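# here you go, sequence then predicted model.
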Amino acid sequence: MKILRLAVAAAALLLSLGAGANAQTTLRIGLAEDPDILDPTLARTYVGRIVFSAVCDKLFDIDDKLNIVPQLALSYETSADGKAMTIKLRPGVKFQDGEPLDAEAAKFSIERHMTMQASFRKSELSSVDHVEVVDPLTIKLVLKTPYSPLIAQLTDRAGMMVSPKAAKEEGDKFGQHPICAGPYKFVERVPQDRMVFEKFADYWNKDNVFIDKIVFLPIVDATVRLANLKSGGLDLAERVLATDLKDIRADSRLVLSTVPELGYLGLTINIANDKTKGALSQSVKVRQALDLSIDREAINQVVFNGEFTPGNQWVSPTHPFYQKAFPIQPRNIEKAKALLKEAGVALPVTVDYMVTKGAENEAVAQVVQSMAAEAGFDLKIRVIEFATSFKQAQAGEFQVFQINWSGRIDPDGNSYVFMHSKAPQNDGGYSNPEADKLMDDGRLASDPAQRKAIYEKLTKILLEEEPIIYLYHRQLLFAHTTKLEGFKPLPDGLVRVIGLKLK
């Protein structure tokens, strides 16, 4: 009887172990902000891109060497005159509502990005005249002019495919229940709390999806994010604090993953949309004085323990398109004061300084505020919730907007969208016909040396007129538990879920 009881107990234990092995796995990811709308046509936030990477596949992706690789497309070919791109689609792909991803669906998605009211993809695809269906799995993008960054744009939201059926049925509410062709499908969203997605059974690459459910949790306070990671409430946290790196490295239960980002943090100046007509908007000399009052390396050391890279351009000093002829100017308070005097402005120069919530964001603002005060500025820091900041920026309700851009692999993606007169994310309303022409020319040229020469001229103009004062380039800092396997950060900062496993 005793032997029988032991056998029954052993069988029960094996059964429970088997049940555990088959239990659903859930990956919990802590985000530094709550994304804006989950519609790839209308979205503009970095955290939104992290979420999309699990939900909406793109025509192309990038690898860790920044090479462009196929995703929903198999290949592309550009015509000899550079005015057409033919794209072969992957066969057998389905959207999460069961609809097929064919050439008609791809045509619909690209045209939606190009024409939908309030689309942030319009400028990214502005060179596309129309889309043709060549055969059931081939489309041709016919261009108005050659456009060298096009393939790079298709590695991000402009290349994300949405279900035509769902998009037509939902209209502008599509972002409340997105239907794409990615590995995870939408379950629910509770604003400021969580976004839940479950594995899509008919995903084209389902054999490399090993986690059943993903929950994204917006936790603005980085200290709280790290505490949740340590306690087991999260499996991965993005943007941990540079000041916490020593603590993370010392914790045997955690893994630190870092990579230099493609983007920058900058101070966007409201030049044309400032209803108050403040001194910054009216005078180049005042903007130059603000720049000269800032010590970028001091910010890096004080706030980030020296982990980041000071910068003064829209690409980092290590980027092939960085213009070495225009190095970072050293801080010069006396020259800054002289410029303010030449501008004839009353001191102190009072400035509305909009900053998104977050310990590091606020710390950077406080350091800038202190430095600028020595030159004669009174920066009034206004801390605001992340998604709300974009609404106010578009409405022109700021004088300085401190904001990070996660970056793109082509330099056009870090410049045109913010500084071209017609670009949708030009929140400050900056306009210069000569700069516009150079940005347009940069899109036409395909030779890297020729493009770099064009951007050198553009850099000279922008560093003189200062529509954006660039401060630094981040080191992307991720931490995850040892339970998570297969995570590798890329310079675009996205969390690619393919291949991830939870022990």
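In hand now; what should we look at?

# extract the residue ranges of the stretch 1-150 of the chain that are flagged as low pLDDT.
Residue ranges of the stretch 1-150 of the chain with pLDDT under 70: 1-22.

# could you pull out the helices in it for me?
Counting by DSSP state H, counting those that start in this stretch, one finds helices in the stretch 1-150 of the chain at the ranges 2-22, 46-55, 103-115, 150-153.

# what's the second one in contact with?
This means helix 46-55. 29, 31-38, 40, 43, 156-157, 160, 178, 180, 182-186, 195, 197, 214, 216, 218, 238, 386, 404-406, 492-497 (C-beta atoms under 8 Å, 6 or more residues apart in numbering). C-betas here are computed from N, CA, C, even on glycine.

# how far does it sit from its chain's centre?
9 Å (C-alpha atoms, centre = their mean, to the nearest Å).

# quick check, residue 132 in contact with residue 138.
No. Judged on C-beta atoms under 8 Å, residue 132 makes no contact with residue 138 at a distance of 9.2 Å.

# what separates residue 276 from residue 350, distance-wise?
10 Å (C-beta to C-beta, to the nearest Å).

# look at these two and report which has more neighbours.
With neighbours defined as other C-beta atoms under 10 Å, residue 276 and residue 350 compare such that residue 350 has more, 16 against 11.

# average model confidence for the helix or strand that contains that one?
Using DSSP states H and E, residue 350 sits in strand 349-356. Regarding strand 349-356, the rounded mean pLDDT is 98.

# what is whichever helix or strand comes after that strand packed up against?
Sequence order places helix 359-373 as the next helix or strand after strand 349-356, per DSSP H and E. Counting contacts by 3 or more C-beta pairs under 8 Å, 6 or more residues apart in numbering; DSSP states H and E, helix 359-373 packs against helix 222-231, helix 296-304, strand 349-356, strand 377-384, strand 400-405.

# hey, which of these is tucked in deepest?
strand 400-405 (a mean of 24; mean count of other C-beta atoms under 10 Å).

# now that strand against helix 46-55, angle please.
20 degrees (axes from the mean of the first three to the mean of the last three C-alpha atoms, to 10 degrees).

# and strand 400-405, which strands flank it?
The strands that strand 400-405 pairs with in its sheet are strand 264-269 (antiparallel), strand 349-356 (parallel) (by DSSP bridges).

# and residue 166, which of those strands is closest to it?
When those are compared by C-beta to C-beta, strand 349-356 sits nearest residue 166, at 31.0 Å.

# hmm, who's touching that closest one?
So strand 349-356 is contacted by 33, 276, 278-280, 286, 290, 340, 361-362, 364-365, 368-369, 376-386, 389, 392-393, 397-403 (C-beta under 8 Å, 6+ apart).

# check stretch 88-103 too.
Residues contacting stretch 88-103 (C-beta under 8 Å, 6+ apart): 70-76, 105-106, 133-139, 161-166, 179-182, 185-186, 200, 202-204.

# and residue 105, what does it touch?
95, 99, 161, 163, 164.

# farthest pair within those?
99 and 161 (10.6 Å).

# show me which of those two is the more surrounded one.
Ranked by neighbour count (other C-beta under 10 Å), residue 99 and residue 161 place residue 161 first, with 27 against 15.

# could you report the distance from that one to residue 72?
6 Å.

# can you pull the residues that touch both of those two?
With C-beta under 8 Å, 6+ apart as the test, residue 161 and residue 72 both reach 57, 58, 59, 101, 106, 181.

# pull the number of nearby residues for the closest residue to the second one other than its chain neighbours.
Meaning residue 58. Nearest-residue entry for residue 58: residue 159, 3.8 Å, with adjacent residues in sequence omitted and distances by C-beta to C-beta, 6 or more residues apart in numbering. By other C-beta under 10 Å, 29 other residues sit near residue 159.

# was I right about residue 159 contacting residue 62?
No. With contact defined as C-beta under 8 Å, residue 159 does not reach residue 62; the gap is 11.0 Å.

# for the stretch 301-450 of the chain, what are the low-confidence residue spans?
Using pLDDT under 70, nothing in the stretch 301-450 of the chain is flagged.

# care to break the chain down by domain?
26-32+182-261+476-502, 57-173, 264-473 (automatic domain parsing).

# rebuild these as a markdown table, extending it with distance to residue 49.
Formatted as a markdown table, those follow (distance: least, C-beta to C-beta, whole Å):
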| stretch | distance to residue 49 |
| --- | --- |
| domain 26-32+182-261+476-502 | 6 |
| domain 57-173 | 7 |
| domain 264-473 | 7 |
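
# thinking again about what came up before, out of the contacts of stretch 88-103, which end up buried?
Taking 16 or more other C-beta atoms under 10 Å as the criterion, what is buried in the contacts of stretch 88-103 is 70-73, 76, 105-106, 137-139, 161-164, 166, 179-182, 185-186, 200, 203-204.

# so which of these are in strands?
Judged by DSSP state E, strands contain the following of those: 70, 73, 76, 138, 139, 185, 186.

# contact partners for the residue lying closest to the first one once chain neighbours are set aside?
In space, residue 70 comes closest to residue 60 once its chain neighbours are excluded; the distance is 6.2 Å by C-beta to C-beta, 6+ apart. With contact set as C-beta under 8 Å, 6+ apart, residue 60 has these partners: 68, 69, 70, 71, 73, 76, 151, 154, 155, 159.

# next: residue 188.
Counted by C-beta under 8 Å, 6+ apart, residue 188 has contacts 194, 195, 196.

# and it, that one's in a helix?
No. Checked against DSSP: H, G, I helix; E, B strand; the rest coil, residue 188 lies outside a helix; its state is strand.

# any idea what it is bridged to?
Counting by DSSP bridges, the residues bridging with residue 188 are residue 196.

# can you add distance to residue 260 and give the contacts of residue 105 back as CSV?
Below are these laid out as CSV (distance: C-beta to C-beta, whole Å):
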residue, distance to residue 260
95, 35
99, 39
161, 30
163, 36
164, 38
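
# out of these, which is nearest to residue 320?
Distance to residue 320, by C-beta to C-beta, is smallest for residue 161 among these, at 30.3 Å.
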